Each structure stands twice: as structure tokens, then as C-alpha cells.
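> Build me a model from this:
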Amino acid sequence: MARSKTRQRALFMAIAGLLGAGSLGGCGNMIDRVAEIGKEPSMDPIENPQKDPNYQPVSLPMPTPTADLRQPNSLWRQGSRAFFKDQRAGKVGDILTVVIEIDDQAKLDNKTDQTRDGSNSAGLDNLLGYETMLNDIFPDGIDAGNLVNSDSKSTIAGSGTVNRSEAIKLRVAAVITQVLPNGNMVLQGTQQVRVNFELRRLTVGGVIRPEDISNVNEINYDKIAEARIAYGGKGTLSDMQQPRFGQQVYDIFFPF
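Below is the predicted model:
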């Protein structure tokens, strides 16, 4: 009994510690939200992306570099991609426009039915004469040939439906942050738009080829390798669409 109470106390202390840690983690967020009451969401300052603590240079397999051989009286340089210079992005710091046009639809129906029915029986008619000792263990008498009978039956039925439709049409200017040894470029772009008390943020990043940039210095999102596109919001409407902090903690720890 004492051991059971000790285990219950330890379980209670563990749950209390987890809830306390979650409350402390959310306390700072609550204070920030209270301080922003009546104020518009603040925009992030314009900074160098390479100074972001989470910034990591892209490292990909590269071909063997070729030597730059210059011929006398020649206007062509080995490895050059174009004969005449144009205004398309080609070096770190250049700007180009990313065109995002996503129109996806998905529909999925799934249904599962499962039924299981089982029965078991066991007896002990003869066991070197020891079966007679069962009457001493069970004073009311027992049938050695019918010791155990069990029946089980379970039925599982499940169904799920996914019907998703997304349509996004956006344009965002991005900055070349890195030029890889094979000539491909890494881009990073962020756009923030604030309407009343709602802040919309669009972020795009990835690796592109100079050949895929159009003559008007634009590139489609489906030409971006390792593309990372995020579109979200911050403000009153976005906050109302999220469950409360306590509800999120409850959903994580509630086992049923």
C-alpha cells in the first residue's frame, strides 16, 4: 500500500513539473501579448540574412572546378554563361522576383472494417493423478475436463476523408545570398504586409540556376530546388484561429 502511494506521489510530481514548466514557458508569451494590446504587430527590422543565428551556408556536391584559361585577343571567357552582360541576378546581393502560383487539390477517402471472434477452452482430465487434488483447492468442486472457457469478440470500424484545396498567387523579391562553385545561386526573400492589426509574412528560399531566370529577372517557384516557402500571419485573426495554450497542453498529455 505504501509503495502504491509512493508511485502515485511520484507520478503526481512529474505531471505537476511538466505543467509548471509549460506554464513558465508560456508566461513570457502571455506577458508579451498583454504588452501588445492595442498596438499593431511590429515588423522585423531589415537585416543581413547571413547574420541570423539560424543561417547556414548551403553545401552541395560540386563538380571539379575548371581552370580559367584566357586566350589573347579573345572576348570569350571559359565558363561564361553569356556573351553580353544583362540585368539578371548573377552575384551575391542581386535581387530577382520569385513568382509563386500554387493551385493544388487533393481528395482521399479511407474506410476500414475489422471483426474478430475467438473462443478458447481448456481441461485437465489426467495429470499423473494430480488432477484429483483440484477438489482440495476448489472446495465447491470442479470439472477437470472443463477448467477454462473464454470468449472474445471485437469490432473496429474507421473512416476518414481528406478534401483539400489550395490556391496561392504571390510575387516576392528575393536576394542572392550565396553563389555555389558550379554557378547555381542560393536565394532568400521575406515579405511582410500589415493590414490594420494583422501581419502577413511570406518567406521563400532555395537554390536556383541562372539559366532559369527569365529576361525580366523573374523565376517561377517550381524552378527552385530545395524550395522552402512559408506563408503565415500574426495578429488578432491568426491568434483566434489557434487553440488556447492550456488546451494545447491538455491535448498533449491527455491519453484518451
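> quick one: the strands in the stretch 51-200 of the chain?
Secondary structure of the stretch 51-200 of the chain by DSSP state E, counting those that start in this stretch: the strands cover 95-122, 148-179, 185-195, 198-208.
> Direction included, what does the second one pair up with?
Translated: strand 148-179. strand 95-122 (antiparallel), strand 185-195 (antiparallel) (DSSP bridges).
> For that strand, the averaged confidence score.
Strand 148-179 shows a mean pLDDT of 81.
> What angle do strand 198-208 and that strand make with each other?
For strand 148-179 against strand 198-208, the angle between stretch directions is 80 degrees (axes from the mean of the first three to the mean of the last three C-alpha atoms, to 10 degrees).
> Any idea how far strand 148-179 is from the middle of the chain?
11 Å (C-alpha atoms, centre = their mean, to the nearest Å).
> Tell me the buried residues in that strand?
Across strand 148-179, burial judged by 16 or more other C-beta atoms under 10 Å covers 170, 172, 174, 175, 176, 177, 178. (Each C-beta comes from the backbone N, C-alpha and C, glycine too.)
> can you redo those as JSON lines with distance to residue 48?
Listed next are the buried residues of strand 148-179 as JSON lines, based on distance: C-beta to C-beta, whole Å:
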{"residue": "170", "distance to residue 48": "24"}
{"residue": "172", "distance to residue 48": "18"}
{"residue": "174", "distance to residue 48": "14"}
{"residue": "175", "distance to residue 48": "10"}
{"residue": "176", "distance to residue 48": "13"}
{"residue": "177", "distance to residue 48": "9"}
{"residue": "178", "distance to residue 48": "13"}
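> And these, which two are furthest apart?
Pairwise distances across these peak at 23.3 Å for 170 and 178 (criterion: C-beta to C-beta).
> Confirm that residue 31 sits in a helix.
Yes. Using DSSP: H, G, I helix; E, B strand; the rest coil, the assignment for residue 31 is a helix.
> who are the neighbours in contact with it?
By C-beta atoms under 8 Å, 6 or more residues apart in numbering, no residues touch residue 31.
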